[in-house]
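Student: Sequence and predicted structure, then a few things I'm wondering about:
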Amino acid sequence: MARRSMRLVEYGKPFQLMQEEVPSAPKGGAVVKNEYAGVCHTDAHSADDEFSGLAPLKCVLGHEMAGTIVDIDPSAELKVGDKVIVYWHGGCGECSRCEVGETTACLKDIKHWAGITEDGGFSDYVVIPDAKLLVKVPDTVAMDAACLLPCSGITAYNAVCNMVPTVQDFAKHSADCAVLLVGAGGLGLWGVQFAKQLLPAGVRVLSADVDEEKLATAKAAGCDEALLWGKDVDDDTAVAAAKKACGSLGAAVAAIDFVNVPATFGRIEKILVQGGMHVVVGLLGGDAPAAVPLMPYVLSRHHMAGVLMGSLPQLKDLVALMAKGNVKPPPISHHPLENVYDVLQDLKAGKVKGRAVVKL
Amino acid sequence: MCHTDVHVWQDGFYLGEGKHFRYSERPGFTLPIIMGHETSGTVYSFGGDADPGDVKVGDNVVVYPWVGCENCQACATGNANYCKGPLKYIGPVVDGGYSEYVSVPHPRYLVKVPEGLSMDVAAVLACGGLTAYNGVTTVQPTVEKLSKFRERCTLLIVGPGGLGLWAVKLAKHVLPQGTRVVCADVDAAKLKIAKDNGCDDIILWDREADVATTVAATRAVCTDGVDAAIDFVNSSKTFANIQGCLEKCGIHAVVGLFGGGGTIPLPTFALQQKQVVGVHVGGLHQFRELLDLVAHKQIPAPPLEHHPLEHTWDVLQALQAGKVEGRAVFHMNKT
C-alpha cells in the first residue's frame, strides 16, 4: 500500500510530506487506513521538542486516529473492515498493569505511543503493533468525533470521573453545588458535556477562559455560566465573581484545570470549597512551579489529583456513552493533510475554536 | 496535650509567604480560654431537651471536640467537618478539657468508651489518633489499588511523633497485609521509638541535606519506591523530599501544621498522576470506628506520660521544645 505521511524532520520546522510503502500487519498487530486524525496541543510540544527527544525525528505525529482496519493478525478479535479508534498509549503489553489496559502506569515504563514515540495518524495508513489497543466505533458515532476520544475525550472523561465521588458527596448535603472547569479548549468542551452527563442532576457547571469566543463555545456546549478571566481582570475580582457564581455554598465543590499554570492553580485553590477536589490536567505549565501553602492546605482539606489520559477499559466505557447519542462533541473543523503544520501553529496561537482534525 | 495547644498559646501559625493565621482573629474567640481538646471522663449531667441517645449519666465517654456552628444541616447530621462556620472547637475556640468539668453543646459529641479501652488512651484518640487514622484511611484506597500490581507497597511516614506513632500502628491494621511502613525523621531517638512501635524500617533525614541527597538516601531504604506518604511535619523541606520520592500514581497526605510553602511542577504532576490531600482531624463516624478498632484489636497506645492538671504550663514548654516523648496527658478528679 502506498501512503502520504507528514514526517517531523527537524524540531521547530514544518513537517515533510513523504510518499511511502506501508508494511503488512506485524504479528499481533494491525494496519488501519486513517479517516480522521485529531490535531492536539501535545503535537505542538512534540514538534517543538518540548519533550526532550521523546518524539524522535522522522516520526509521524498525530495520536488521535479513527479509521478502518485493512490488515490484522488473524487471531485478533476485530476484523478487516471494522471501523476503529486507536488507544495510542501503548505500554510493554506484558506487565500486570498493561494486561488490564492501564498502560499509563506500565510497570516497566515502556512507551509504544503511536503518534509520539512511533508513527501515528498524520498519514493515510498507520501500523499498530498491538491489535488489542483498537476499539470498535459504533455506527451511531461519527468518525471525526470518534478520532478525538482516545486523547482529549478520554482525558476529559477521566478528569470528570475523578470529580464524581466528591461532587456526589457534597450533593447529598447541599442542593446547590457547582463545579468549575478552567480552559474552554479542546478538552474543556468535552469536560462540560461529560460533567453534565456524569454528575448528579442540578449540579451547575461553570466554565472559565481568557477568550470570549472560546467561552461562547463553552456556553454552546452547555455550561451554566461563563467566566471571562482576561488579562485585565485581577485575581481578587475573578475569585469573587467565581465564588458568587457558585451559589449558596459560595465555593466550587470541585474543579478541573485544563490549563494548569501557576496562576490558574492558585486561583482555583481560592475558589475551591473546604474538602474540595482539584483535578490537574493541562500540560501548558512549563517550568514555573505552583505554590502550595502547606498549613492552609491541611486546614482546607483540599485534594489535588494529576490526571493523564485514561485506561483502555475507560475508553471502551466512553465509546459506549457516546453511542447513546446524548453527548455533543465540540465543534470540529476539517483540514487536508498538507495543512497540518499550519493548523498546529494556529493551535499554538490559540486561534482554533473547538477542534481541528485532518481528513484523510 | 497536643502540639496544637502550642499554636493556640502562640496565637497561630505561619502560613508561608509572609502570612500568618491568628486564632485571635477567629470569630467568637476571646481570652481567657481553657484549652485541652482531648478529653475523656464521666457524664455528670444533661441540660436542655436534646436527646442523649444511648448515653447516660455516669457513662465513661470521650468528647468529640470538632464542633461546628451547631446551626446548619451539616452539624445536625453529625457532619460538622462540612460546616462553614463559625467553628466552635472545644479546647481551641471554646472552653475545653484542662478543667475538672467541661461543657459539651450536644450529646451527639459524646462517644462511649468501649470495653477494653482505657480512659487516657481514649482521650488522645480524639485529636492525634483521629487525625492519624484519617491520614491512613485517606491513603488506603490508593494503596489497595496499587497493591494489586505490586508485590508490596511502601508507606512513608514523616515525623513519627505523637501522631506519626499512631499512624504506624493503625497502618498495620488498616492497609493491605505486607504493606511496608517506613519512618523518616531528623531525630534518631524518635526513630528508635518508631522502630519499637512496629515500623519496618527507618531513615534518618539530615536537616542540612538537599532534596536530591535525601531522595537518594530514602530510595536506598525504600527499594520498591514510595507509593504513599503521610507528612506529619509538613514543612517546605519535607514536602519537597516526599514529592521527590513519590512514585507515579502515588498519594501524598499532608497533615502537619509546621508551616511554610511547597511547590509543585504542574505538568509533571499531571503526567505522573500524583495526588496531594490535606487531612485535618476526622469525622464523628470515623472517631467511633477508630475507638472500636483500637479496643477490638487492643492496639497499644504510644507511651503516655501522666501529669497533674497544675503542670499544664510546664508541659506546654517542654512540648514546644520538642522534649516530650510520645504523648502527655493530664489527670484530674481521680478517685
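Tutor: Good, I have the coordinates. Note that this is a predicted model, so its numbers are computed, not measured.
Student: C-alpha from now on. contacts and neighbour counts both.
Tutor: Will do.
Student: does residue 248 count as helix, strand or coil?
Tutor: This is for chain A. The three-state label given to residue A:248 by DSSP: H, G, I helix; E, B strand; the rest coil is helix.
Student: Correction: the question concerned chain B.
Tutor: For residue B:248, the secondary structure call by three-state DSSP comes out as strand.
Student: Please list all residues in contact with the nearest residue to it once chain neighbours are set aside.
Tutor: Once its chain neighbours are removed from consideration, residue B:248 has its nearest residue in residue B:272; the separation is 4.9 Å (C-alpha to C-alpha, 6 or more residues apart in numbering or on different chains). Under the criterion of C-alpha atoms under 8 Å, 6 or more residues apart in numbering or on different chains, the neighbours of residue B:272 are A:306, A:307, A:308, B:248, B:249.
Student: Mind pulling the model confidence for the third one?
Tutor: Think residue A:308. With respect to pLDDT, residue A:308 scores 89.
Student: Is the lengthiest helix in chain B positioned near chain A?
Tutor: Longest helix in chain B by number of residues (criterion: DSSP state H): helix B:130-147. No: no part of helix B:130-147 sits near chain A under the criterion C-alpha under 8 Å from any C-alpha of the partner chain; the closest distance found is 9.8 Å.
Student: other SSEs contacting that helix?
Tutor: Here helix B:130-147 touches helix B:164-174, strand B:226-231, strand B:246-254, helix B:284-296, going by 3 or more C-alpha pairs under 8 Å, 6 or more residues apart in numbering or on different chains; DSSP states H and E.
Student: what do you get if the cut-off is 6 Å, keeping everything else the same?
Tutor: Applying 3 or more C-alpha pairs under 6 Å, 6 or more residues apart in numbering or on different chains; DSSP states H and E, we find helix B:130-147 packed against no helix or strand.
Student: send the alpha carbons of that helix over as CSV?
Tutor: Listed in CSV are the C-alpha atoms of helix B:130-147, where the atom choice follows Å, rounded to 0.1, in the frame of the first residue of the first chain:
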residue,chain,number,x,y,z
LEU,B,130,-8.3,10.5,64.9
THR,B,131,-6.1,12.7,62.6
ALA,B,132,-3.6,9.8,62.2
TYR,B,133,-6.5,7.4,61.4
ASN,B,134,-7.9,9.8,58.8
GLY,B,135,-4.4,10.1,57.3
VAL,B,136,-4.1,6.3,57.0
THR,B,137,-7.7,5.8,55.6
THR,B,138,-7.1,8.6,53.2
VAL,B,139,-4.2,6.8,51.5
GLN,B,140,-5.9,3.4,51.9
PRO,B,141,-7.8,3.3,48.6
THR,B,142,-4.7,4.2,46.6
VAL,B,143,-2.6,1.6,48.5
GLU,B,144,-5.2,-1.0,48.0
LYS,B,145,-5.3,-0.3,44.3
LEU,B,146,-1.5,-0.3,43.9
SER,B,147,-1.2,-3.5,45.9
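Student: still on that earlier bit, can you flag the buried ones in the contacts of residue B:272?
Tutor: By the neighbour-count criterion of 16 or more other C-alpha atoms under 10 Å in any protein chain shown, the contacts of residue B:272 include these buried positions: A:306, A:307, A:308, B:248, B:249.
Student: Residue B:168: which of these is nearest?
Tutor: Within the buried ones among the contacts of residue B:272, the smallest distance to residue B:168 is 21.9 Å, found for residue B:249 (C-alpha to C-alpha).
Student: Pull the contacting residues for the closest one.
Tutor: With contact set as C-alpha atoms under 6 Å, 6 or more residues apart in numbering or on different chains, residue B:249 has these partners: B:273, B:274.
Student: Could you measure from it over to residue A:74?
Tutor: Here the criterion is C-alpha to C-alpha, to the nearest Å. By it, residue B:249 lies 36 Å from residue A:74.
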